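Chemist: Return atomic coordinates for the entry below.
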Amino acid sequence: MRLQETKMSFQHLVAALVAIISLLSVSACLSFEWAYEEKDRIPSPDQMVEAVIVRGNGGATTGFVYWVYIVPKGLKFDKDAISFERGRAVFSGDHFTDFKVMWKEPKLLEISYGQARIYQFRNYWHYWNPAKDEEYVKYVVEAKLAQLTGGSALSEEDRYLK
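Modeler: Below is the predicted model of the structure:
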């Protein structure tokens, strides 16, 4: 009888430890906040807007994700600002080789890469200031993608071939 009670107590102890470790792991993952930093700022040739490259990281278990935003010249990066919401980026992705962002002309932005996982791309951006509704400026930028290499845009690892 005593052996059976000890066996039962040990099983309860193991189950309790597994539950505690699981709860701690889940809470640690849920409480981590993504960190963002501005990596580069490239003014357009006419000095009206800037392409802002932002790098984000979700912690030790995630890689870096990059976003490219087009904003009016001089607008400071603020991860909580409307202009820098993820959905407003003209481009986002990770796992890059040869990643470059450059203005081909005043209203044409080229995003080039060898290989990448691309999450989001929009070829159209326009300026509008919601704080000054009367100030409607018809300033449109075209963004275009240019793959620098032939073949697959995804690496073998991203295609699960390795």
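
Chemist: what about this structure, any weak spots by pLDDT?
Modeler: Low-confidence segments of the chain, defined by pLDDT under 70: 1-8, 10, 13-32, 60-61, 128-137, 161-162.

Chemist: From A153, how far out is A146?
Modeler: 11 Å (C-beta to C-beta, to the nearest Å). C-betas here are computed from N, CA, C, even on glycine.

Chemist: wait, doesn't T97 sit right on Y113?
Modeler: Yes: using C-beta atoms under 8 Å, T97 is in contact with Y113, at 6.7 Å.

Chemist: quick one: which of these two has more around it?
Modeler: When neighbours are counted by other C-beta atoms under 10 Å, Y113 comes out ahead of the other of T97 and Y113, with 21 against 11.

Chemist: The more buried one is in contact with K100, isn't it?
Modeler: Yes: using C-beta under 8 Å, Y113 makes contact with K100 at a distance of 7.5 Å.

Chemist: so S9 is in which element?
Modeler: Assigned by DSSP states H and E, S9 belongs to helix 2-31.

Chemist: Could you pull up the contacting residues of Y127?
Modeler: V49, P72, V137, K138, Y139, V140 (C-beta atoms under 8 Å, 6 or more residues apart in numbering).

Chemist: quick one: what helix or strand has the spatially most central residue of the chain in it?
Modeler: Geometric centre of the chain, nearest residue: V65, 3.8 Å, by C-alpha atoms, centre = their mean. Assessed by DSSP H and E, V65 sits inside strand 64-72.

Chemist: Report the backbone C-alpha coordinates of that strand in CSV.
Modeler: Output of strand 64-72 as CSV, limited to C-alpha atoms (Å, rounded to 0.1, in the frame of the first residue of the first chain):
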residue,chain,number,x,y,z
PHE,A,64,14.6,39.4,-38.8
VAL,A,65,11.7,40.7,-40.9
TYR,A,66,12.2,43.9,-43.0
TRP,A,67,9.5,46.4,-44.0
VAL,A,68,9.9,49.2,-46.6
TYR,A,69,7.7,52.3,-46.0
ILE,A,70,7.4,55.4,-48.1
VAL,A,71,6.8,58.5,-46.0
PRO,A,72,6.9,62.3,-46.4
